[in-house]
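S.K.: Structure for this input, please:
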Amino acid sequence: MELPERTHIYQNHHLDSTRWDRYVTRADDIVIATPYKSGTTWMQHIVHSLLFPENRDPFPSGISPWLDIRVPNLDELIDNLEAQTHRRFIKTHLPLDGLTFYENVKYIVVSRDVRDVFMSLWNHYSSYAPRAYDSFNNTPGRTGGPQPHCPDDIREFWKMWITRGWFQWETEGYPFWSNMRHVQTWWNYKDLPNILFVHYNNLKQDTESEIMRIAQYLEIEIPKGSMQNILTMVSLDTMRRNAVEKERDEEGEPFMKGGARSFFYKGTNSRWRDVLTAEDLLLYDEAAQRELSADCHRWLEQGVI
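M.R.: Take a look at the predicted model:
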């Protein structure tokens, strides 16, 4: 099977895919590759708990950097990453066609039903505080237009998100970047041995079995008696509580209205059923036909490969 190739550069108010040019691989690196609002932070906590199964401290800030977000100082980020002596795990929100692919890296791709992604994104985007817009729009080096403010109406946001792309090669995801197309770029290479697909719904339904599957893929042996601590550390309640406690120690304006409680929201599925109309869902069907293969579409809705 041919290996993926990098064919696009992603640069906007959030992203700068060229930051990955500074990345130097190690043989056991892990890259967590997800569309936004699909369980990224949850998977970071899971991988951290697998690497440190007896740990009971909050998830350390900065241990798993988001390399393609353009705001943090890149020199400091790379220096911190290079200084890590444990097995490293890095986060990306890039489609596969925006990354150099490495055969010695283990990729974990987390996916979620498109409609559930939208509901989580609405909560996230509509909670942006002025500090968030200032960070994304006014930090020097932005390419392209500013991050527009979130519409007041959720269905107005749905219509722009499901029918427009930010980049010229996208047809959905505005004003961020693609969601469906993102998954499809990874799905096209799902049979490569160093790509593992994990579905958000499966994680919720049987967290322990999915963690064991992830551990097997990463070639990590879970110590006897450690699973309960891992399950506790990766629960939504624990992640939210630790994030809220950390936030209390920070100074300055919060990034999101409601802070960590907004970021770690409900984590539930199917809330879209009470929001999206038949007309809205027709737009969803049209977008899926444009962007997804039939088996990838089934995966996103059902979690079945």
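S.K.: All the strands of the stretch 151-300 of the chain, in order from the start?
M.R.: All strands of the stretch 151-300 of the chain, identified by DSSP state E, counting those that start in this stretch, fall at 195-199.
S.K.: Was I right to think Ser127 contacts Pro254?
M.R.: No. Checked against CB atoms under 8 Å, the pair Ser127 and Pro254 is beyond contact range at 9.4 Å. Bear in mind the C-beta positions are built from the backbone N, C-alpha and C, glycine included.
S.K.: of those two, who's got more company?
M.R.: A direct count of neighbours by other CB atoms under 10 Å for Ser127 and Pro254 places Ser127 higher, at 19 against 16.
S.K.: and Ser64, helix, strand or coil?
M.R.: coil (DSSP: H, G, I helix; E, B strand; the rest coil).
S.K.: can you count the residues close to it?
M.R.: Ser64, neighbours per other CB under 10 Å, totals 24.
S.K.: ok now do it, which residues does it touch?
M.R.: Residues near Ser64 by CB atoms under 8 Å, 6 or more residues apart in numbering: Ile32, Gln44, Val47, His48, Phe89, Ile90, Lys91.
S.K.: would the last one count as being in a strand?
M.R.: So that's Lys91. Yes. Under three-state DSSP, Lys91 sits within a strand.
S.K.: give me the beta-bridge partners of it?
M.R.: Taking DSSP bridges, one obtains Ile32, Trp66 as the residues bridged to Lys91.
S.K.: What sits closest to Arg298 if chain neighbours are left out?
M.R.: Computed as CB to CB, 6 or more residues apart in numbering, the closest residue to Arg298 that is not its neighbour in sequence is Val304, at 6.2 Å.
S.K.: Oh, that last question was meant for Phe101, not what I typed.
M.R.: Pro4 (4.3 Å).
S.K.: Quick check: mean pLDDT of stretch 33-47?
M.R.: In this model, stretch 33-47 has an average pLDDT of 95.
S.K.: now do the same end-to-end measure for it.
M.R.: 13 Å (CA to CA, to the nearest Å).
S.K.: was I right about Val198 contacting Tyr217?
M.R.: No. Taking CB under 8 Å as the definition, Val198 is not a contact partner of Tyr217, at 9.2 Å.
S.K.: which residues do those two both contact?
M.R.: Shared contacts of Val198 and Tyr217, counting by CB under 8 Å, 6+ apart, come down to Ile108.
S.K.: neighbour-wise, which of these two wins?
M.R.: Val198 (24 against 17).
S.K.: For that one, give its distance to Ile305.
M.R.: 11 Å (CB to CB, to the nearest Å).
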